[in-house]
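> Okay, here's the prediction I keep looking at, along with the sequence it came from:
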Amino acid sequence: LELKPVPEASAAPRKHLKQISFWPMVNQRAVLQLGSSEENCELLSENGRRPILRYSSWRAISVPLVVFCLVAGALSLAVSRLVPVAWSADDLLEAAEVKKQCSKAGANCNETKCCQQAGAQCFAKDDMYARCRGHCVSGPDPTDPNPEPWSCKELGSPASGHFSSQGWNPKPAKWVWKKCSNSSESCLKSGCCKAGGNACFKKNGTWARCKPSCVDGPDPTDIDGRPWKCEQLGGKTPGNPAPVKAASWVEDLCATSNESCSDVQCCKDPAHACFEKNSSYARCRTDCAPGIDLGDATGWGKWSCKQLGDRTPGSHSPTPHQQRLAPWVKKRCSDYGENCASTKCCKDATAQCYEQFPGHGACMFKCLKDHKGFSHHRQCAKEAKGD
């Protein structure tokens, strides 16, 4: 801005300009310097007490006005992002009311598209009906009174929390005994099973069978040893599955616990399954913990423990014996007092590597959750590094 004293006060312009102390946003010295030009505006004084700015051009006032609006808008946006919004009582009541509007367990949620039960998701059966459930498999649901298949399309978002089916003991619907398949026939068309604890799994484009579970690969209970793709075609029928026997080809084609099962992906021994160490080696075992296996004679290396094929039916009672450590354990693994976070194994046969905090572990005989060095680790005994 360019300022000039009013003609009536021209005799003593500096006297009036020195009285601008009440104007906190203007530097008085700058105002005196701006008073040298008369082109754009004038500085007026009323009785030598109050300065007034008179603008001779609309451009002179529009520029600072735009700048002011931009600054005010930026400050407002910054404050809205940085300052947390306090929820009023009305807001909390409104949120509670929204939750009440969501559907209860077992109710049709086709319109609300949300569920009251923790962890539940609204799944659609068709265009008219949907229900809050913990999970859903496309196809017939043996617990549903209506035999028509479910699309299992997710409507909305799941409710917060963990879903629990405790206390829910469904029974097979009446239509199951008429429409579903038994264990000796293909369930490719029906998509459901009469036997309790079974679901219909697709092996390939021409065959599907009722079984309790399915893992991609050979199934030791199947009369045909060719691998399964394991696509589930419907829900599982409530109940407990009946025991089954291994097929005759298992004894001739599958591997023992001392052999690699990478190629055959099945095991002769009862209760064994083929677990993968890496892309080139797998072995028949009763169980498998991802990480380092101290009894692995094939060498140091982590096990992925991906299961290849189904488990051979039967029970297994191993003879108690001292674990025989592989020769590489003494060279590769850590000792008591050493950080085992990188090796994930211990030299001593009685020790286990436990994580103390990220990047640091210790070899211990046992890890107690209230141990002074591991008290923060709530599941210390379960979060083992390797074997």
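Structure's in. What do you need? Because the structure is predicted, anything quoted here is derived from the model rather than measured.
> Can you get me a residue count around the closest residue to R332 other than its chain neighbours?
Take R332 and drop its neighbours on the chain: the residue closest to it by C-beta to C-beta, 6 or more residues apart in numbering is W300, 4.7 Å away. No exception for glycine: its C-beta is placed from N, CA and C like everyone else's. Per other C-beta atoms under 10 Å, the neighbour tally for W300 reads 17.
> What does the pLDDT read for W300?
Model confidence at W300, given as pLDDT, is 78.
> quick one: it is in a strand?
No: counting by DSSP: H, G, I helix; E, B strand; the rest coil, W300 is not found in a strand; it is coil.
> Just to check, it is in contact with I292?
Yes: at 7.1 Å, W300 counts as touching I292 under the criterion of C-beta atoms under 8 Å.
> residue contacts, the nearest residue to A195 once chain neighbours are set aside?
Spatial nearest neighbour of A195, chain neighbours left out: S183 (5.5 Å); criterion: C-beta to C-beta, 6+ apart. With contact set as C-beta atoms under 8 Å, 6 or more residues apart in numbering, S183 has these partners: 193, 195, 198, 209-211.
> at 7 Å instead, please
195, 198, 210 (C-beta atoms under 7 Å, 6 or more residues apart in numbering).
> Tell me how far the last one lies from T143.
From C210 over to T143 the distance is 16 Å, taken as C-beta to C-beta, to the nearest Å.
> between those two, who's got more neighbours?
C210 (26 against 16).
> So the spatially closest residue to K306 that is not a sequence neighbour versus Q265, what's the distance?
What sits nearest to K306 in space, not counting adjacent residues and going by C-beta to C-beta, 6+ apart, is E276, at 4.3 Å. Noted for E276: a distance of 9 Å to Q265, by C-beta to C-beta.
> which one of those two has more residues nearby?
Counting neighbours by other C-beta under 10 Å for E276 and for Q265 shows that Q265 has the greater number, 22 against 19.
> show me where the stretch 51-200 of the chain has helices.
Per DSSP state H, counting those that start in this stretch, the stretch 51-200 of the chain carries helices over the ranges 58-82, 89-101, 176-179.
> quick one: contacts of the shortest one?
What it means is helix 176-179. 142, 147, 190, 192, 194, 237.
> Dump these to JSON lines, plus pLDDT.
Putting those into JSON lines (pLDDT from 0 to 100) gives the following:
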{"residue": "P142", "pLDDT": "96"}
{"residue": "P147", "pLDDT": "95"}
{"residue": "S190", "pLDDT": "96"}
{"residue": "C192", "pLDDT": "97"}
{"residue": "K194", "pLDDT": "96"}
{"residue": "T237", "pLDDT": "96"}
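> Return the member of the residues you listed nearest to E251.
The shortest approach to E251 among these belongs to K194, at 29.9 Å (C-beta to C-beta).
> That closest one: neighbour count?
Counted with other C-beta under 10 Å, K194 comes out at 21.
> That one and D141: what is the separation?
For K194, the distance to D141 - C-beta to C-beta - is 14 Å.
> Could you do T312 as well?
From T312 to D141 the distance is 31 Å (C-beta to C-beta).
> So the two - more neighbours on which side?
Neighbour count, other C-beta under 10 Å: between T312 and D141, D141 has more, with 28 against 24.
> From what I see, that one and P149 are in contact.
No: between D141 and P149 there is no contact under C-beta atoms under 7 Å: 8.1 Å.
> In CSV: the contacts of S183, plus distance to A173 and pLDDT.
Shown next, in CSV, are the contacts of S183 (distance: C-beta to C-beta, whole Å; pLDDT from 0 to 100):
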residue, distance to A173, pLDDT
A195, 15, 95
N198, 15, 96
C210, 16, 96
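> got these as a markdown table, with distance to C109 columns?
Shown next, in a markdown table, are these (distance: C-beta to C-beta, whole Å):
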| residue | distance to C109 |
| --- | --- |
| A195 | 31 |
| N198 | 28 |
| C210 | 30 |
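> which one of those residues is nearest C346?
Nearest to C346 out of these is N198 (C-beta to C-beta; 43.2 Å).
> That closest one contacts P212, doesn't it?
Yes: with contact defined as C-beta under 7 Å, N198 reaches P212; the gap is 5.8 Å.
> More neighbours: the two, which one.
When N198 and P212 are compared for neighbours, N198 comes out ahead with 26 against 18, by other C-beta under 10 Å.
> quick one: contacts for that one?
The contact partners of N198, by C-beta under 7 Å, 6+ apart, come to 183, 210-212, 236-237, 241.
> ok, now K113?
Going by C-beta under 7 Å, 6+ apart, K113 touches 122, 155-156.
> change it to 8 Å
Going by C-beta under 8 Å, 6+ apart, K113 touches 122, 130, 155-156.
> State the number of residues packed around C122.
Neighbour tally, C122, other C-beta under 10 Å: 27.
> Find me the pLDDT at it, would you?
C122 is given a pLDDT of 96.
> What residues are bridge-paired with it?
Counting by DSSP bridges, C122 is bridged to C132, L155.
> So it sits against N108, correct?
No: taking contacts as C-beta under 8 Å, C122 lies outside contact range of N108: 9.4 Å.
> what do the two both touch?
What both C122 and N108 touch, as defined by C-beta under 8 Å, 6+ apart, is the set 130-131.
> ok, now how distant is D252 from A246?
Counting by C-beta to C-beta, the separation of D252 from A246 is 11 Å.
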